[in-house]
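Chemist: Sequence first, then the predicted structure, then my questions.
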Amino acid sequence: MYKMARRLNPHTQIMHDKQNYADGTVNPPVQHASTLRAPDYLSYIGKKEWAGKHYGRHGIQTHRALEDAVACLEQAYGVVLAASGLQAVVLSLISFLQAGDKILMSDNVYPPVKLFAEKFLPKLNISTVYFNPLADETMLAELYDANVKLIYMESPGSATFECHNIEAIVGFAKQHNIISVIDNSWGAGVYLKPLELGIDISVISATKYICGHSDILLGTVSAKSRAHYQQIADTARFNGFYVAPDEAYLGLRGLRTMPLRLAQHQIQAETLMAWLRQQPEVTFIASPTAQDWFGHEHFKRDFSGASGLFGFYLNENDDVMLAEFFDNVTLFALGASWGGYESLMTPMNIKRSASPHLQQFSGQSLVRVHAGLEQVDDLIASLNDGFTALRNSKA
Ligand SMILES: *Cc1c(COP(=O)(O)O)cnc(C)c1O
């Protein structure tokens, strides 16, 4: 075992695996294996200690190293890996729900989670009720009945960027003894520590900042308690969930530098937001760091920093005009993801949101920006190309 002299900062610890590897390599080996050979008969039948796993589907050293590192980051009892962020969300829900149960789900969650709740869960007789992302205990109490078993959050929402009142939601969940789950992809386990705030389960789309290079899909589910961890691990096992060792390896490789990258994403995003604020076509910056954005006071209380994903509202909704803008901001790829080294810009559809505080933006367009790690002057010049094209075509 790796010797730890003292308790380290988790962001240091994710750079130092607990295990020692064959040949003294710094990183774990990427072991490709469906079959694992037992050392002998008694080990195979469980009458002798066998440290290994009995079958490749349950993961080997690479997986354990990533699970340990994420557990350290999230301050979790244990972590279960999933093949994508969405699969991690699904796992966090199906591990705890049964027929007849009801979920309270925030209205600002990643849209495919709503699709799962609306198109698939009804087949299992599990229903979903949405709550306003800015809800307090009183608003939640109005939605509560004895069938509610789980409350599902995302803070900030990755499309509309409201931050929940986590303290109020956790208080409500504990009062009614329901499981609380949060999608922690935006804070990435660095800027928000949900399990320390009393939330039971934290899910991360590791596809985003943990991986950081836009080349794999991966998800993590972290549990505060041993019992919850066991329930999630069993559910993954019963359902045959599996992550390829190459993916686990790349996730771990990305994780080592994530806190450093995030700090720079944050600086880039703040610079871009300051510039965007000065453009007459921009009506609002949708970011937890903006003092006038919804839930900013909760962000200030609960988060230790910000990542590089934010939105802005553009006073324009004509697709021909928007095409002029998007197609001329050439350094920002038009793509539906975030968290990589490269900048992205995505038109967001907010029509599905029922939250009253967003109604004031009807007729405007929400643009989501992932501030990448390019030189920021180049990014601003590229944004300027987009606004110039928009102005020229309106003139
Ligand atoms: C992308 C995303 C997911 C899903 O992650 P995948 O790895 O793409 O399946 C879940 N939650 C949030 C907030 C996301 O942005």
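Modeler: Yep, that arrived.

Chemist: Can you mark which positions in stretch 39-50 are buried?
Modeler: 43, 50 (16 or more other C-beta atoms under 10 Å). Any C-beta I mention is one placed from the backbone N, CA and C, and that applies to glycine too.

Chemist: Now do the end-to-end distance for it.
Modeler: This stretch, stretch 39-50, spans 8 Å end to end (C-alpha to C-alpha, to the nearest Å).

Chemist: Direction included, what does the helix or strand hosting Met153 pair up with?
Modeler: Assigned by DSSP states H and E, Met153 falls within strand 148-154. Here strand 148-154 is paired, per DSSP bridges, with strand 102-106 (parallel), strand 179-183 (parallel).

Chemist: which of those is buried the deepest?
Modeler: A comparison of the strands paired with strand 148-154 by mean neighbour count, using mean count of other C-beta atoms under 10 Å, puts strand 179-183 on top with a mean of 25.

Chemist: now what about that one, what contacts it?
Modeler: Contact with strand 179-183 is made by 89, 92-93, 96, 109-110, 113, 149-155, 158, 166, 169-170, 173, 194, 198-205, 228, as judged by C-beta atoms under 8 Å, 6 or more residues apart in numbering.

Chemist: In strands, which of those appear?
Modeler: 149-154, 201-205 (DSSP state E).

Chemist: Which single one of those is nearest to Ser337?
Modeler: Set against Ser337, the nearest of the ones in strands among the contacts of strand 179-183 by C-beta to C-beta is Ser205 (9.0 Å).

Chemist: Next, count neighbours for the nearest residue to the closest one once chain neighbours are set aside.
Modeler: Nearest residue to Ser205, sequence neighbours excluded (C-beta to C-beta, 6 or more residues apart in numbering): Gly85, at 2.5 Å. Number of residues near Gly85 (other C-beta atoms under 10 Å) recorded here: 26.

Chemist: pLDDT weak spots in this protein?
Modeler: For the chain, the stretches flagged by pLDDT under 70 are 1-6, 52-53, 352-353.

Chemist: what residues does it put near the ligand?
Modeler: 84-86, 89, 110, 154, 158, 183, 185, 205, 207-208, 217, 219 (C-beta under 6 Å from any ligand atom).

Chemist: quick one: contacts for the nearest residue to Asp215 once chain neighbours are set aside?
Modeler: Leaving out its chain neighbours, the residue that sits closest to Asp215 by C-beta to C-beta, 6+ apart is Leu250, at 6.8 Å. Residues near Leu250 by C-beta under 8 Å, 6+ apart: 211, 213, 215-216, 218.

Chemist: on that earlier part again, please indicate which of the contacts of strand 179-183 are buried?
Modeler: 89, 92-93, 96, 109-110, 113, 149-155, 158, 166, 169-170, 173, 194, 199-205, 228.

Chemist: Which parts of the stretch 151-300 of the chain are strands?
Modeler: 179-183, 201-205, 219-223, 282-286 (DSSP state E, counting those that start in this stretch).

Chemist: Tell me which of those strands sits nearest to Glu142.
Modeler: Nearest of the strands of the stretch 151-300 of the chain to Glu142, taken as C-beta to C-beta: strand 179-183 at 18.1 Å.

Chemist: now that closest one and strand 201-205, what's the angle there?
Modeler: Angle, strand 179-183 to strand 201-205, by axes from the mean of the first three to the mean of the last three C-alpha atoms, to 10 degrees: 20 degrees.

Chemist: what's the spacing between strand 179-183 and its chain's center?
Modeler: 12 Å (C-alpha atoms, centre = their mean, to the nearest Å).

Chemist: what's the answer for stretch 66-80, then?
Modeler: The answer for stretch 66-80 is 15 Å, by C-alpha atoms, centre = their mean.

Chemist: go on, stretch 145-157?
Modeler: 16 Å.

Chemist: cool, stretch 178-196 as well?
Modeler: 8 Å.

Chemist: same thing with stretch 135-143?
Modeler: Counting by C-alpha atoms, centre = their mean, stretch 135-143 comes out at 25 Å from the chain centroid.

Chemist: For it, give me every contacting residue.
Modeler: With C-beta under 8 Å, 6+ apart, stretch 135-143 has contacts from 104, 106, 129, 131-132, 151, 164-165, 168-169, 171-172.

Chemist: buried stuff in stretch 327-340?
Modeler: For stretch 327-340, by 16+ other C-beta under 10 Å, it's 328-329, 331-333, 338-340.
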